[in-house]
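Engineer: coordinates only, sequence not included:
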DNA sequence: TTTTTATTCGTAAACATTTTGATTTTTTAA
DNA sequence: TTAAAAAATCAAAATGTTTACGAATAAAAA
């Protein structure tokens, strides 16, 4: 069973109907692997389904986030989504600021000697490393 | 010389004129110590100077960011500014998600065994720890 | 196949943030 | 003290993101 089929099956089991738009959205995230904004997703779906509405995009991103198929991040340039990354439980990413491809990194600084101020209750953390990937340095591309 | 006088002197030396609004803005950041959005700054200045314009706020935040008196951050809830923190060169923060007070933490995970993917050129990083400070846990305040 | 109901479409509006421009006021230096 | 320049005001608009809703469509179950 492919990754896409697996995701779609999960969605179906959770009561979501499998529409063409949803198949396309899932395919997009699988082949892209990076962080995508609602606009990015819209731009892509709009090619296959001219007239697709933002309603559809936002609703599906929200639903898939709620059922933990996607993860939502607030990055330097706004709200982004990516496939829920479960490979090594908890980890962080290198993020290319040009093409936005990501490279998971299996290390979390929270595992080290982090001592909060007195009484501070840690809830979550953010650790991202930004830079240029090999390709984008070659290209000299500025997105 | 107070911190405020010090900042204002620097601004003056860089060619900025010292206006009442700028004095008030500087005072705000000094007494607040946390992260402030443009709106936060507006709300505060508006009390002393009814009719203060967004133009003024944004221009001054931008100028002070450019001359490195303020730092700009993109946090969970948008663009924020805080006084440029120079105490121990490079460090990170605990951030209370309720009152947005911050606690500098003199440790940077980049100093540890971080190995980027082949060819990846690291440019910057983000490491923030969110939670509830002692006071906000007591209060049960939800901002 | 038919029916039920979720989903999408199309469009607009809500919303928040930031920028602009013409005019007035204030600061600073001569 | 006065002139020149910078900064602030006021109001509006540009911008970008997200939400809303009635009508139309399509998916899934009976």
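Structural biologist: Thanks, I have the structure now. Note that this is a predicted model, so its numbers are computed, not measured.

Engineer: quick one: residue A:136 is in a helix?
Structural biologist: Yes: counting by DSSP: H, G, I helix; E, B strand; the rest coil, residue A:136 is located in a helix.

Engineer: Count the neighbours of it for me.
Structural biologist: 21 (other CB atoms under 10 Å in any protein chain shown). Every C-beta, even on glycine, is put in place using the N, C-alpha and C of the backbone.

Engineer: doesn't residue A:130 make contact with it?
Structural biologist: No: the criterion here is CB atoms under 8 Å, and residue A:136 misses it with residue A:130 at 11.8 Å.

Engineer: For these two, list the residues in contact with both.
Structural biologist: residue A:96 (CB atoms under 8 Å, 6 or more residues apart in numbering or on different chains).

Engineer: Quick check: which ranges of chain A have low pLDDT?
Structural biologist: For chain A, the stretches with pLDDT under 70 are A:86-89, A:139-143.

Engineer: ok, 50 please
Structural biologist: Within chain A, the ranges that satisfy pLDDT under 50 run A:141-143.

Engineer: DNA strand C contacts on that one?
Structural biologist: Counting by CB under 7 Å from any atom of the strand, the residues of chain A close to DNA strand C are A:15-17, A:19, A:21-22, A:49-56, A:59-60.

Engineer: Now do the helices in chain A.
Structural biologist: A:3-13, A:20-32, A:38-48, A:54-66, A:134-139 (DSSP state H).

Engineer: Could you tell me the angle between the second one and helix A:38-48?
Structural biologist: What separates the directions of helix A:20-32 and helix A:38-48 is an angle of 120 degrees, with axes from the mean of the first three to the mean of the last three CA atoms, to 10 degrees.

Engineer: Need the contact partners of helix A:20-32.
Structural biologist: A:3-4, A:7-8, A:11, A:16, A:36, A:41, A:44-45, A:48-49, A:52, A:56-57, A:60, A:64, A:70, A:81-83.

Engineer: How about it and DNA strand D, touching?
Structural biologist: Yes: counting by CB under 7 Å from any atom of the strand, DNA strand D has neighbours in helix A:20-32: residue A:20.

Engineer: In that helix, which residues are buried?
Structural biologist: A:21-29, A:32 (16 or more other CB atoms under 10 Å in any protein chain shown).

Engineer: The fourth one now?
Structural biologist: Of all the residues in helix A:54-66, those buried under the rule 16+ other CB under 10 Å are A:56-57, A:60-61, A:64.

Engineer: who are the neighbours in contact with the closest residue to residue A:126 other than its chain neighbours?
Structural biologist: Counting by CB to CB, 6 or more residues apart in numbering or on different chains, residue A:126 lies nearest to residue B:128, which is 4.7 Å off, once chain neighbours are set aside. Residue B:128 sits next to A:125-126, B:75, B:92-93, B:95 when contact means CB under 8 Å, 6+ apart.

Engineer: What of residue A:77?
Structural biologist: Taking CB under 8 Å, 6+ apart as the test, what residue A:77 contacts is residue A:37.

Engineer: Backbone dihedrals for it, please?
Structural biologist: For residue A:77, the backbone dihedrals are phi -110, psi 30 (criterion: degrees, to the nearest 10).

Engineer: any idea how far residue A:52 is from it?
Structural biologist: 23 Å (CB to CB, to the nearest Å).
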